[in-house]
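Asks: quick one, structure for this:
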Amino acid sequence: MSDQPTNIPGPLVVSQTNPRYFAVTDTDGKERAVYLTGSHIWNNFQDGLGVGKETIVAEPEQNDFNAYLQLLKDRNHNFIRLWRWEHFKSNAGAADFHLNMSPQPWPR
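Replies: Below is the predicted model:
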């Protein structure tokens, strides 16, 4: 016996009622609109975002990905956009944080 639910709707499709929205078709054949919502932070997929303009540590600051997923779950969010930084170190201009995205998967 499987613990998997049997009433999972199909994939997202463009709504026939209003093409500005996505929809799923329920198991009874009825279209239901789906509203995608989520929270965004630049380093949700990668370590290395730190407080202050200067990188003062050799290792990047650790991103608590499990806490981020819990935040999404607690707020019933159903959408994630993952970002990947390509540079090693920088500061964020006028903002009071820095980026330490090392190591990278390629040689410098």
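Asks: quick one: buried residues of the one helix or strand V24 maps to?
Replies: Element membership of V24, judged by DSSP states H and E, is strand 22-25. Residues 23-24 are the ones in strand 22-25 that count as buried (16 or more other C-beta atoms under 10 Å). All C-beta atoms are positioned from the backbone trio N, CA, C, and that covers glycine.
Asks: with stretch 82-94 instead?
Replies: Using 16+ other C-beta under 10 Å as the test for burial, stretch 82-94 gives W85.
Asks: for L99, grab phi and psi.
Replies: Backbone geometry at L99, expressed as degrees, to the nearest 10, gives phi -120, psi 130.
Asks: list the contacts of it.
Replies: 43, 48-50, 55, 85, 87, 89-92 (C-beta atoms under 8 Å, 6 or more residues apart in numbering).
Asks: looking at those residues, spot the one nearest Y35.
Replies: N43 (25.7 Å; C-beta to C-beta).
Asks: secondary structure class for that closest one?
Replies: Secondary structure assignment for N43 (DSSP: H, G, I helix; E, B strand; the rest coil): coil.
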